[in-house]
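Student: Got a predicted structure plus its sequence, pasted below:
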Amino acid sequence: MPKILIIGACGQIGTELTQKLRSIYGTDNVIASDIRKLNTEMVNSGPFEVVNALDFNQIEHLVEKHHIEEVYLMAALLSATAEKNPAFAWDLNMNSLFHVLNLGKAKKIKKIFWPSSIAVFGPTTPKENTPQYTIMEPSTVYGISKQSGERWCEYYHHIYGVDVRSIRYPGLISWSTPPGGGTTDYAVDIYHKALSQGKYECFLSAGTRMPMMYMDDAINATVKIMQAPVEQIKIHSSYNLAAMSFTPTEIAAEIKKHIPGFEITYAPDFRQKIADSWPASIDDQEARRDWGWTHQYDLETMTADMLEHLADEAK
C-alpha cells in the first residue's frame, strides 16, 4: 500500500477524498494535513498533521517522517474568495504546487495529484462542448493560477520526469461539506436553503448554464486517474472532466419535484461576471478514452441523493 499525504484535507474536496482513500488504502496509510486542526470526524479518525502549504520545509519533513510516496495537493483559494485577495491567492495556489513538484523532481515522492478547474477557460473559449485543447484566456485570479499550474505540471513532467496527474474539475456539489468560496457554490447552498427555508436567492442569473458534477463522481475520478497505469496518462497538463450542465432554473425545477412549495429568486452579484466567462458544457472524451472515466450521477439522481442525505442530517 502506498503512503499518501493529503494537503488541504479539511477543504470541500479534501474531506471526502481523505475518507475515500482511507477506505481503499487503510487509515494509517493516508496522512491528512491542513493549516489548522479542526475538530471533525475526518481529522480525529486517522493520522493528521498541521502543515502550512507555503512552507516547503514542513512539507518535506512530513514526506520524510511518514515515508510518503503520493501527494494530493488540494490546498487552494477558490474563485470568488481569490478575487478578494489576489496576491495571497497567487501565492498559495502557485507556490504550494512548486513545493510539491520540486519534491517530485528530487525523487522524494513518486506521484502527485493536483486539481485544475474549468476556471482555466475564459470569455474567448468556445462555451459549448469546450474541447481539451482550446483557447485559454482566464479572466480571474483563480483561473490564471490554475492555467499557470497546468503549464508547470506539464513542464516538470517533460523536463524532470515527474509523475503529476490532474483533472479540470467543474462545479462540485456535496451534501457533507459546506461551500468553499467558489462561483458554482450556489448549487450546493440551494439544497440547504430549500430544506431549511423553502426558498433561495441565487447570486447568478436564471439562465446561467455551467458544468457541474456530484462529489461522488469527482472523488471517483480522482482515485481512478491516480490508479491508472502511467502509460494510460497521455495528458500531463490537466484532463477535461464532465458529468452534467444545468442552470439555476433547471436545478430549482428538479428540487420542486421533491419540495413543491420551493421558490427561487435572483440577485446576481460579482460572481455573475466570473460565471459568464466559463464554459456551459465540457467535452471530456480524452479522459473517457485514456483512463476509462465515466460519471454516474445526473441532475435528477443527484438531487434525490442530496435532499435525502441533508434531510437525514437535519433529524
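Tutor: Received the coordinates, thanks.

Student: Would you tell me what the next helix or strand after the helix or strand of the chain with the lowest mean pLDDT is?
Tutor: Lowest mean confidence among the helices and strands of the chain (mean pLDDT, DSSP states H and E): helix 41-44, at a mean of 82. Once the chain leaves helix 41-44, the next helix or strand it forms, by DSSP states H and E, is strand 48-50.

Student: strand partners of that next one, parallel vs antiparallel please.
Tutor: Strands that pair with strand 48-50, judged by DSSP bridges, come out as strand 30-34 (parallel).

Student: about what we covered before: next, the buried residues of the least confident helix or strand of the chain.
Tutor: Met42, Val43 (16 or more other Cβ atoms under 10 Å). Yep, even glycine has a C-beta here, placed from its N, CA and C like the rest.

Student: same deal with stretch 1-12?
Tutor: For stretch 1-12, a neighbour-count test (16+ other Cβ under 10 Å) marks Lys3, Ile4, Leu5, Ile6, Ile7, Gly8, Ala9, Cys10, Gly11, Gln12 as buried.

Student: closest to Lys257 among those?
Tutor: Gln12 (26.1 Å; Cβ to Cβ).

Student: what about the closest residue to Ser45 other than its chain neighbours, how many neighbours?
Tutor: Nearest residue to Ser45, sequence neighbours excluded (Cβ to Cβ, 6 or more residues apart in numbering): Thr27, at 6.8 Å. Residues near Thr27, counting by other Cβ atoms under 10 Å, number 14.

Student: ok now the least confident helix or strand of the chain, how far from the chain's centre?
Tutor: Chain-centre distance of helix 41-44: 20 Å, with Cα atoms, centre = their mean, to the nearest Å.

Student: got the contact list for the residue nearest to Ser45?
Tutor: Shown in contact with Thr27 (Cβ atoms under 8 Å, 6 or more residues apart in numbering): Ser45, Gly46, Pro47.

Student: Tell me the one among those nearest to Lys193.
Tutor: Ser45 (29.6 Å).

Student: tell me, how many neighbours does the closest one end up with?
Tutor: 13.

Student: ok, now how distant is it from Ser23?
Tutor: In this structure, Ser45 and Ser23 are 11 Å apart, going by Cβ to Cβ, to the nearest Å.

Student: list the residues that contact both of those two?
Tutor: By Cβ under 8 Å, 6+ apart, no residue touches both Ser45 and Ser23.

Student: re the thing from before, if you look at the buried residues of stretch 1-12, which of them are in strands?
Tutor: Residues of the buried residues of stretch 1-12 located in strands (DSSP state E): Ile4, Leu5, Ile6, Ile7.

Student: returning to that earlier point: among the contacts of Thr27, which has the minimum pLDDT value?
Tutor: The weakest per-residue confidence within the contacts of Thr27 falls on Ser45 (90).

Student: Look up phi and psi at it.
Tutor: Taking degrees, to the nearest 10, you get phi -100, psi 0 for the backbone angles of Ser45.

Student: repeat for Phe246
Tutor: According to degrees, to the nearest 10, Phe246 has phi -160, psi 170.

Student: Distance of the residue nearest to it when sequence neighbours are not counted relative to Ala314?
Tutor: Nearest residue to Phe246, sequence neighbours excluded (Cβ to Cβ, 6+ apart): Leu299, at 5.3 Å. Taking Cβ to Cβ as the measure, Leu299 and Ala314 are separated by 22 Å.

Student: what's the helix or strand for Ala242?
Tutor: Using DSSP H and E, no helix or strand contains Ala242.

Student: Surely it is in contact with Ala280?
Tutor: No - checked against Cβ atoms under 8 Å, the pair Ala242 and Ala280 is beyond contact range at 11.1 Å.

Student: what touches both of those two?
Tutor: Shared contacts of Ala242 and Ala280, counting by Cβ under 8 Å, 6+ apart, come down to Pro211.

Student: Glu16: what's it in contact with?
Tutor: For Glu16, the contact set (Cβ under 8 Å, 6+ apart) comprises Ser174, Ser176, Thr177, Met215, Ile219.

Student: scratch that, Ala119 is what I was asking about
Tutor: So Ala119 contacts Ser79, Pro138, Thr140, Tyr142, Gly143, Lys146, Ile274, Trp278 (Cβ under 8 Å, 6+ apart).
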